[in-house]
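Student: I'll drop the sequence and a predicted model, then ask my questions.
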Amino acid sequence: MAITPELIAQLGVIGFTFFMLLNSAAVLVYMERKVAGFIQQRYGPYLVGPKGLLQPLADIVKLMFKEELRPKAADSILFYAAPILSATAAFAAFAVVPWGADTDFFGLLERPIHLAAADVNVGLLVIFAITSMGVYGIVLAGWSSNSKYSLLGGLRSSAQMISYEISYGLSFAAVIMLAGSLSLRDIVDQQAGYWFGVIPKWYLFLQPFGFLFFLIAGIAETNRAPFDFPEAEQELVAGYHTEYSSMSFALFFLAEYVNMVTVSAVATDLFLGGWHGPFPLPAGFEWIWFLVKVFALLFFYIWMRWTLPRYRYDQLMEFGWKWLLPAATLNLLITAGIVIYFGF
């Protein structure tokens with residue numbers, strides 16, 4: 001394969017995407033601690049660096065130099081493979097998410113390139129498949145640790161994933177019916193423009209309930225409050241990562257925050273028009289709208305954690321099977337009827 005400027009630029013986009021994901025965990029940790037401090041009327045990080053901005057860096061250095069501990073009775077191979085699997089699945093899922101319009105970098109390239117690590121015409125199917133695999137890392141961590149608390153956390157995670165994965169997929173399917181494509185880029189392109197010259201053609205306005213179901217299932221899939229049962233501190237110490245320390249613990253932490261970014265980015269592409277904003281930006285800067293929407297959804301993630309209490313485990317299961325799944329199925333059937341009747 002000949003090395004062309006387009007190939008070099010695409011490799012640069014892939015590297016930039018990975019770099020930003022890698023740093024997103026540090027940024028989100030700082031953001032979460034600051035938002036939590038604001039909600040609880042305290043300062044949050046403020047000593048390390050200006051306004052505490054270097055606190056995530058201090059945390060990373062601390063984790064790098066901490067001793068890596070492993071329980072004597074743990075499975076040595078699976079114990080260390082579990083966090084690697086979780087982090088790998090988290091990064092791989094984001095690979096097919098487009099985060100900007102095709103660009104030639106202001107005329108520097110002969111043809112535009114995609115602002116995504118990979119452009120796949122079945123991107124939604126890839127995301128659904130890879131995110132489903134992420135739970136294996138948590139289950140393996142719980143089992144291989146040979147700890148009752150860790151095992152309970154792993155079992156909870158698998159049950160939670162099975163309970164909410166179907167509703168998660170049904171919210172996908174409703175948008176796929178409207179767009180007629182599994183490609184995230186095609187779905188975003190169909191949300192360009194305005195209704196009546198004012199209202200953006202976002203699927204949020206056609207699928208408000210689908211968006212709500214997607215957010216609820218996405219929060220449950222990423223084990224965030226109020227659905228953070230796999231690591232419920234009051235009940236399971238720290239759940240599936242109770243026995244982990246140093247960089248193994250950091251990988252689980254990284255995977256959780258990257259999964260939050262992935263869910264927010266997919267929600268932005270599916271329901272919020274991707275890089276299409278309420279008003280257009282200059283060519284080459286459309287990705288700013290994408291970042292603003294993802295940031296807003298991530299703030300919502302954090303706000304939820306420090307606002308709502310955790311449900312009981314039986315309430316989690318009852319809500320997933322008796323309420324969310326029937327509602328998501330009904331939403332899909334109504335969408336199918338509208339698509340057939342009006343010929344979308």
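Tutor: Received the coordinates, thanks.
Student: Report the residue spans of the chain with pLDDT below the cut-off.
Tutor: 1-2, 232-238, 344 (pLDDT under 70).
Student: Check it for its longest helix and report it.
Tutor: Under DSSP state H, the helix in the chain containing the largest number of residues is helix 5-39.
Student: Quick one: list the elements packing against that helix.
Tutor: Applying 3 or more CB pairs under 8 Å, 6 or more residues apart in numbering; DSSP states H and E, one finds that helix 5-39 makes contact with helix 55-65, helix 76-94, helix 246-271, helix 287-305. C-beta: built from backbone N, CA, C; applies to glycine.
Student: Save the ones you listed as a markdown table, and put in distance to Ile130 and mean neighbour count too.
Tutor: Supplementary listing: the helices and strands packed on helix 5-39 in a markdown table, determined by distance: least, CB to CB, whole Å; neighbours: other CB atoms under 10 Å:
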| stretch | distance to Ile130 | mean neighbour count |
| --- | --- | --- |
| helix 55-65 | 26 | 14 |
| helix 76-94 | 4 | 20 |
| helix 246-271 | 9 | 23 |
| helix 287-305 | 19 | 18 |
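Student: mind giving me TSV with those helices and columns for distance to Thr329?
Tutor: Output for these, formatted as TSV (distance: least, CB to CB, whole Å):
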stretch	distance to Thr329
helix 55-65	42
helix 76-94	25
helix 246-271	18
helix 287-305	25
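Student: Of all those helices, which one is nearest Phe18?
Tutor: Across the helices and strands packed on helix 5-39, Phe18 has its closest neighbour in helix 76-94 (6.9 Å, CB to CB).
Student: Next secondary structure element downstream of that closest one?
Tutor: With elements assigned by DSSP states H and E, the helix or strand that comes after helix 76-94 is helix 123-144.
Student: what's in contact with stretch 96-103?
Tutor: Where contact means CB atoms under 8 Å, 6 or more residues apart in numbering, the residues beyond stretch 96-103 that reach it are 17, 112-120, 123, 126-127, 184-185, 188, 262, 265-266, 269, 274-275, 283-284, 286-287, 290-291.
Student: before we move on, back to that, buried stuff in the longest helix of the chain?
Tutor: Burial within helix 5-39, assessed by neighbour count using 16 or more other CB atoms under 10 Å, is assigned to 6, 9-10, 13, 17, 21, 24-35, 37.
Student: Taking helix 76-94 as reference, get the angle to that helix.
Tutor: Helix 5-39 and helix 76-94 are oriented at 100 degrees to each other (axes from the mean of the first three to the mean of the last three CA atoms, to 10 degrees).
Student: gap between helix 5-39 and the chain center?
Tutor: For helix 5-39, the distance between its averaged C-alpha position and the chain's averaged C-alpha position is 12 Å (CA atoms, centre = their mean, to the nearest Å).
Student: ok, now stretch 273-284?
Tutor: On the basis of CA atoms, centre = their mean, the separation between the geometric centre of stretch 273-284 and that of its chain is 22 Å.
Student: in that stretch, what counts as buried?
Tutor: Those buried within stretch 273-284 under the rule 16+ other CB under 10 Å are 273-277.
Student: of all those residues, which two lie farthest apart?
Tutor: Looking at the buried residues of stretch 273-284 by CB to CB, the two members farthest from one another are Gly274 and Gly277, with 9.5 Å of separation.
Student: any shared contact partners between those two?
Tutor: Trp289.
Student: Gly197: neighbour count?
Tutor: 6 (other CB atoms under 10 Å).
Student: and the gap between it and Phe279?
Tutor: Going from Gly197 to Phe279 by CB to CB, to the nearest Å gives 12 Å.
Student: in the stretch 151-300 of the chain, which spans are helices?
Tutor: 184-189, 203-206, 208-221, 233-236, 246-271, 287-305 (DSSP state H, counting those that start in this stretch).
Student: Can you tell me what sits against the first one?
Tutor: In this structure, residues lying in contact with helix 184-189 by CB under 8 Å, 6+ apart are 96-98, 114, 116, 119, 121, 123-124, 175-176, 179, 181, 203, 266, 269-270, 273-276.
Student: buried residues in it?
Tutor: Of the residues in helix 184-189, those scored as buried under the neighbour-count criterion (16+ other CB under 10 Å) are 184-185, 187-189.
Student: how about the residues you listed in CSV, adding distance to Leu251?
Tutor: CSV is the format used below for the buried residues of helix 184-189 (distance: CB to CB, whole Å):
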residue, distance to Leu251
Leu184, 26
Arg185, 30
Ile187, 31
Val188, 31
Asp189, 35
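Student: Tell me the one among the residues you listed nearest to Leu212.
Tutor: Nearest to Leu212 among those, counting by CB to CB, is Ile187 at 18.2 Å.
Student: Quickly note the distance from that closest one to Val48.
Tutor: According to CB to CB, Ile187 and Val48 sit 42 Å apart.
Student: what does Trp275 give?
Tutor: With the distance defined as CB to CB, Trp275 ends up 34 Å from Val48.
Student: same thing with Val29?
Tutor: With the distance defined as CB to CB, Val29 ends up 12 Å from Val48.
Student: Asn259 now?
Tutor: Using CB to CB, one obtains 26 Å as the distance from Asn259 to Val48.
Student: How about Phe65?
Tutor: With distances defined as CB to CB, the gap from Phe65 to Val48 amounts to 16 Å.
Student: How about Asp314?
Tutor: Separation of Asp314 from Val48 (CB to CB) stands at 42 Å.
Student: Which of the helices of the stretch 151-300 of the chain sits closest to Tyr136?
Tutor: Counting by CB to CB, Tyr136 lies closest to helix 246-271 out of those; the figure is 11.8 Å.
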